[in-house]
Structures are given as C-alpha cells and as structure tokens.
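>>> The sequence and its predicted three-dimensional model are supplied below.
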Amino acid sequence: MPETPEEGEKAMATWTAWYGELGDKVRNGGAPCGQSHTVSGGGVVANGGPNPVSGFTLVAAENQDEANKMAAGCPIIDSGGNVEVCQLKEM
C-alpha cells in the first residue's frame, strides 16, 4: 500500500495506464482483497492467516497465452509481486 497520497496517485496512474492498454478486454477492473479467513467443517473460522490473493482483475482473452501476455504488464510485477493467471470456468 502506498505510504503517501502522492505515492497513491502514482500507483493509480500506473494501474489506469495498464487498464488503458488492455482496453475493452477488461471485463472487471477488480479490487484489492482484504485479510482472508478460512472456514472449515463445522463452521470453524481461522482468522489472520496469509492471504493467497491480494486482488483480482477479470479480462477477456482468446486463450491462456493471450491472458498471460496481458498479465505481464500488470503493475504489481513492477513492485516485486507476481500474477496468477487462470481461466474462469462458466457453470
């Protein structure tokens, strides 16, 4: 997370530019995710564990290769992160 308003503005500009490059392929610009909670059998809830997902973006791609190429431009990569790319299965 940005530590100053200026860093926040710079980060948002980077994301806006990436979304602009993707154009109409962006189906849902997503959002950052908060802390995860794990719910298991019997309704047991474990709070505060590591969150495997920091956020999401939903794009339309012809195939996995195209989606991977789109992900290569994600701003999170420039800050030392990585992007998991998976196909959304329709039910």
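Here it is on my side, so go on.
>>> mind exporting the longest helix seen in the chain as PDB, just the C-alpha atoms?
Secondary structure assigned by DSSP state H gives helix 5-22 as the longest helix of the chain. This file holds the C-alpha atoms of helix 5-22, laid out as PDB (Å, rounded to 0.1, in the frame of the first residue of the first chain):
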ATOM      1  CA  PRO A   5      -1.100  10.400  -1.100                       C
ATOM      2  CA  GLU A   6       1.400  11.200  -3.800                       C
ATOM      3  CA  GLU A   7       2.500   7.500  -4.000                       C
ATOM      4  CA  GLY A   8      -1.100   6.500  -4.100                       C
ATOM      5  CA  GLU A   9      -1.800   8.900  -7.100                       C
ATOM      6  CA  LYS A  10       1.300   7.500  -8.900                       C
ATOM      7  CA  ALA A  11       0.200   3.900  -8.300                       C
ATOM      8  CA  MET A  12      -3.300   4.600  -9.500                       C
ATOM      9  CA  ALA A  13      -1.900   6.300 -12.700                       C
ATOM     10  CA  THR A  14       0.100   3.100 -13.400                       C
ATOM     11  CA  TRP A  15      -3.000   0.900 -13.000                       C
ATOM     12  CA  THR A  16      -5.100   3.300 -15.100                       C
ATOM     13  CA  ALA A  17      -2.400   3.200 -17.900                       C
ATOM     14  CA  TRP A  18      -2.400  -0.700 -17.800                       C
ATOM     15  CA  TYR A  19      -6.200  -0.800 -18.000                       C
ATOM     16  CA  GLY A  20      -6.000   1.600 -20.900                       C
ATOM     17  CA  GLU A  21      -3.600  -0.700 -22.700                       C
ATOM     18  CA  LEU A  22      -6.000  -3.600 -22.200                       C
END
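>>> Tell me which other helices or strands it touches.
helix 75-78 (3 or more CB pairs under 8 Å, 6 or more residues apart in numbering; DSSP states H and E). For every residue, glycine as well, the C-beta is placed using N, CA and C.
>>> Contacts for the helix it packs on, please.
Ala11, Thr14, Trp15, Trp18, Ser54, Gly55, Asn82, Val83 (CB atoms under 8 Å, 6 or more residues apart in numbering).
>>> Sweet, I'm off.
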